[in-house]
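# missing the sequence, but the structure's below:
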């Protein structure tokens, strides 16, 4: 597929020097206008690796996934010509960046405004998702269905959204609730959302959220309170 749409990718990254270069390398460079890595207070060589791989690197010293995503959005708002589509992608190499082409297809070819890459309907490597991730996703999508009447199968971080729709959502979460905030607001405001199956593999390195008891608890609490906050 070829496209004349301006597509940019935002990659939040915290201590991902061993994986971020691989992520950038696998992004179809003839399909994406710019790759933006937001270095989220790393104390390793994440920034250097990302720059060497050809990405634009922004520095966000306030710790939090949402802080990093918001930094990337703020950067886009300063463009004279705004992008058409924004893709969010993790830096740990658990997703398959080459699947960006399939991810944005519902926006390019139909009237979708938000596309979630669903790990639950795609091909997952065994052990790529922890039991707490599986349960947390199941609970979150059930709550969204019960409260907002919209069916999702996943809160996967690999997602694409029209730039104008992203700005209209007025995203504000600064930490663990970022992905669910986007989906809840999309449901509440009636965005045309869809999902596509995506592949998923074991991440490189150790998860800062699901890999710790504290991170798992805080993420779960934030996800549930975010779902309830906007009802």
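Now that the structure is in, tell me what you want to look at. Please read all numbers here as calculations on a predicted model, not as lab measurements. Residues are numbered from 1 along each chain as shown.

# Return the residue spatially closest to the residue most central in space within the chain, with its sequence-adjacent residues excluded.
Central residue of the chain (CA atoms, centre = their mean): residue 157, 3.2 Å from the mean position. Nearest residue to residue 157 in three dimensions, chain neighbours excluded: residue 90, at 5.0 Å (CB to CB, 6 or more residues apart in numbering). Every residue, glycine included, has its C-beta placed from N, CA and C.

# before we move on, the earlier item: and the residue nearest to the centre of the chain, what does it touch?
88, 89, 90, 95, 179 (CB atoms under 8 Å, 6 or more residues apart in numbering).

# I'd like to know how far it sits from residue 3.
Distance, residue 157 to residue 3, using CB to CB, to the nearest Å: 23 Å.

# Now do the same contact list for the residue nearest to residue 157.
Per CB under 8 Å, 6+ apart, neighbours of residue 90: 11, 12, 23, 157, 158, 203.

# So which of the residues you listed are in strands?
In this view, those that belong to strands under DSSP state E are 11, 12.

# just the contacts of residue 90 now: which is nearest residue 100?
residue 158 (8.5 Å; CB to CB).

# Which residue, other than its chain neighbours, is closest to the closest one?
For residue 158, the closest residue by CB to CB, 6+ apart turns out to be residue 117, at 3.7 Å.

# Quick one: distance of the helix or strand hosting that neighbour to the chain centre.
Remark: residue 117 resides in strand 114-118, with elements defined by DSSP states H and E. The chain centre lies 9 Å from the centre of strand 114-118; the measure is CA atoms, centre = their mean, to the nearest Å.

# Could you tell me how far the residue lying closest to residue 122 once chain neighbours are set aside is located from residue 60?
Of all residues not flanking residue 122 in the chain, residue 197 sits nearest, at 3.6 Å (CB to CB, 6+ apart). Distance of residue 197 to residue 60, given as CB to CB: 31 Å.

# neighbour-wise, which of these two wins?
Neighbour count, other CB atoms under 10 Å: between residue 197 and residue 60, residue 60 has more, with 20 against 17.

# give me the element the closest residue to that one other than its chain neighbours is part of.
Distances taken as CB to CB, 6+ apart place residue 71 nearest to residue 60, at 4.1 Å, with adjacent residues excluded. Assessed by DSSP H and E, residue 71 sits inside helix 65-77.
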